[in-house]
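Asker: can you look at this prediction? I've put the sequence above it.
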Amino acid sequence: MKRSEINQYIREAEAFLAANKFKLPPYAAWTLEQWKEHKAKGDIESIIDCGLGWDVTDFGFEDYMKIGLFLFTIRNGVQHSEKYPKPYAEKIMIVREKQVTPFHYHRFKMEDIINRGGGRLAFRLYNSTPDNKLADTPVTIYRDGVKYVIPAGEVFDIGNGESVTLTQGVFHEFWGVEGTGLVMVGEVSVVNDDHNDNIFLEAPKRFPSIEEDEAPYRLLCSDYDKFLK
């Protein structure tokens, strides 16, 4: 992905979240200079170590509008850490119409995916096999606390205020329903570990390769090592 594209998507996200009256923490608006000042003071170690902040990915497919996801991690801990023992995480995400987050599951993380506003959010789910393939068995889910057993691969969608609980080992992909607009999606989960806990069916990688064709407008959580050493 080009940095100029990422900068554009972040500006669009700021406007969309503001229009939906969703407020982000102060560091969401920091400049690179402000990040460096705080790094020098040593007071942002937890933000960096827990991977908080902006996150834009094309999952290595290099076609963001078709396969991609926009996220901001608001709170998180670190698995098996005494230093960061927080056992929960929260994200806000933006999903475009027909923009797919590709099939993956988590070995550790259990999560609720919540439609916070905008359009409708569609899902396709499968149980996983021991060799990380799609199983042809019924999938048990909870939609706002109500238990459902659905056929493998059946597509369903949720509207504003509705949610789905996804347990460990369930392959899931999701996208914005065509004709309904951008979707503001919340995620509440146990601790999130994007480096070790994502099992993808086909996606090449979790974070994108970035072509630095202009300066970053906002730092991504995957930028911290690069720009704040």
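Answerer: Here it is on my side, so go on. Numbering: from 1, shown residues only.
Asker: ok, which stretches of the chain are helices?
Answerer: Counting by DSSP state H, the chain has helices at residues 3-19, 32-41, 45-49, 224-227.
Asker: same list, those, but as a markdown table with distance to Glu214, mean neighbour count and mean pLDDT please.
Answerer: Yep, even glycine has a C-beta here, placed from its N, CA and C like the rest. Converted to a markdown table, these look like this (distance: least, C-beta to C-beta, whole Å; neighbours: other C-beta atoms under 10 Å; pLDDT from 0 to 100):
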| stretch | distance to Glu214 | mean neighbour count | mean pLDDT |
| --- | --- | --- | --- |
| helix 3-19 | 5 | 16 | 98 |
| helix 32-41 | 12 | 14 | 97 |
| helix 45-49 | 23 | 16 | 97 |
| helix 224-227 | 14 | 13 | 96 |
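Asker: how about those, which one is nearest Asn115?
Answerer: helix 3-19 (14.4 Å; C-beta to C-beta).
Asker: other residues contacting the closest one?
Answerer: Here helix 3-19 makes contact (C-beta atoms under 8 Å, 6 or more residues apart in numbering) with 23-24, 54, 56, 64, 70, 72, 92, 94, 118, 182, 184, 210-218, 220.
Asker: look up how far Phe103 lies from Ala18.
Answerer: 32 Å (C-beta to C-beta, to the nearest Å).
Asker: my error: substitute Gly51 in the last question.
Answerer: Taking C-beta to C-beta, one finds Gly51 at 22 Å from Phe103.
Asker: the helices of the chain: which one's closest to Ala122?
Answerer: Ranking these by their distance to Ala122 (criterion: C-beta to C-beta) puts helix 3-19 first, at 19.2 Å.
Asker: now the closest one - C-alpha only, CSV.
Answerer: Provided in CSV are the C-alpha atoms of helix 3-19 (Å, rounded to 0.1, in the frame of the first residue of the first chain):
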residue,chain,number,x,y,z
ARG,A,3,1.5,5.8,2.4
SER,A,4,-0.5,8.5,0.5
GLU,A,5,-3.4,6.0,0.3
ILE,A,6,-3.2,5.2,4.0
ASN,A,7,-3.2,8.9,4.9
GLN,A,8,-6.3,9.4,2.7
TYR,A,9,-8.1,6.5,4.4
ILE,A,10,-7.3,7.8,7.9
ARG,A,11,-8.6,11.3,7.0
GLU,A,12,-11.8,9.7,5.7
ALA,A,13,-12.1,7.6,8.8
GLU,A,14,-11.6,10.6,11.1
ALA,A,15,-14.5,12.3,9.3
PHE,A,16,-16.7,9.2,9.4
LEU,A,17,-16.2,8.6,13.1
ALA,A,18,-16.7,12.2,13.9
ALA,A,19,-20.0,12.2,11.9
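Asker: show me how far that helix is from its chain's centre.
Answerer: Distance of helix 3-19 from the chain centroid (C-alpha atoms, centre = their mean, to the nearest Å) equals 15 Å.
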